[in-house]
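# missing the sequence, but the structure's below:
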Ligand code: C5P
């Protein structure tokens, strides 16, 4: 399935209220058509109404709720989200969690979080994991394919290996996008820039602060769309 170029940029609506999220969407106009609504808005009220509003305006919606619970709870939550109007839903890359979500996915695409892009080797050591970040990402991606997930969330550092092993069997969605000169000044530890992510094989990028905090968010989104247009032929 080919991906429309403009959809490759997913804007993370990490804002305190649904009203502020709508204002950003209106400001971006045609510069974006795929939005991620995550935990901040989920805990703010008006989450499902916002998804509906976005979808009605012709946008795609990524519900980034990173489900992680017992299988029965994940299954039932996924069933509810399948009728929300969202296109993508994230769950953690644990087999029992992924299997439960896939059972109820309907038209949703289930994306497995491999290793958060804010994690590095020290975070894995804290989890008593002896695997490297790369090994854990690849192991979870294998699990995701075996469980019937549609894609994974992984940093641009891992997308070349993921594409080499899984090709079009697995969508690679990459957050932690930062311009080269900005790295690593915040919580994203495995950051790459947009061009690096796509050239490495990422199918989509997720961008929050570099757009939200830009002096001109629309111009920042348009610049990313231009990068995308330069990489993917029309
Ligand atoms: O502001 P920034 O561009 O870092 O936003 C990235 C977004 O992607 C945030 O909403 C964050 O929750 C999300 N995300 C991530 N790493 C993952 C999964 C989701 O940064 N592994």
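It's in. If you're wondering where the values come from, they're calculated on a predicted model, not measured in any experiment.

# Sort out which residues of the lowest-mean-pLDDT helix or strand in the chain are buried, please.
Every helix and strand in the chain was compared by mean pLDDT, DSSP states H and E; the lowest is helix 121-126, with a mean of 92. Using 16 or more other C-beta atoms under 10 Å as the test for burial, helix 121-126 gives residue 124. Placement of C-beta: from N, CA and C, glycine included.

# Tell me the helices and strands packed up against the next helix or strand after it.
Downstream of helix 121-126, the next assigned helix or strand under DSSP states H and E is helix 133-147. Packed against helix 133-147 by the contact rule (3 or more C-beta pairs under 8 Å, 6 or more residues apart in numbering; DSSP states H and E) you find helix 95-103, strand 109-113, helix 121-126, strand 151-153, helix 159-166.

# now the closest residue in space to residue 50 that isn't next to it in sequence: how far from residue 208?
With sequence-adjacent residues excluded and distances taken as C-beta to C-beta, 6 or more residues apart in numbering, residue 50 is closest to residue 18, at 4.5 Å. Distance, residue 18 to residue 208, using C-beta to C-beta, to the nearest Å: 16 Å.

# which ones are touching the residue in the chain positioned nearest to the ligand?
Closest to the ligand within the chain is residue 208: 2.6 Å, counting by C-beta to the nearest ligand atom. Taking C-beta atoms under 8 Å, 6 or more residues apart in numbering, we find residue 208 in contact with 11, 12, 14, 36, 175.

# What of residue 87?
Neighbours of residue 87 in contact, by C-beta under 8 Å, 6+ apart: 60, 61, 62, 107, 108, 109.

# Please identify the pairing partners of the strand ranked longest in the chain and their relative orientation?
Identified as the longest strand of the chain according to DSSP state E is strand 60-67. Strand 60-67 sits in its sheet next to strand 34-37 (parallel), strand 88-92 (parallel), going by DSSP bridges.

# Now tell me what touches the longest one from outside.
Applying C-beta under 8 Å, 6+ apart, the external contacts of strand 88-92 come out as 36, 60-68, 74, 78, 81, 97-98, 101, 105, 108-113, 149, 151, 153, 173.

# ChimeraX command for the buried members of these?
Buried members of those can be picked out in ChimeraX with the line below, counting by 16+ other C-beta under 10 Å:
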select :36,60,61,62,63,64,65,66,67,74,78,81,97,98,101,105,108,109,110,111,112,113,149,151,153,173
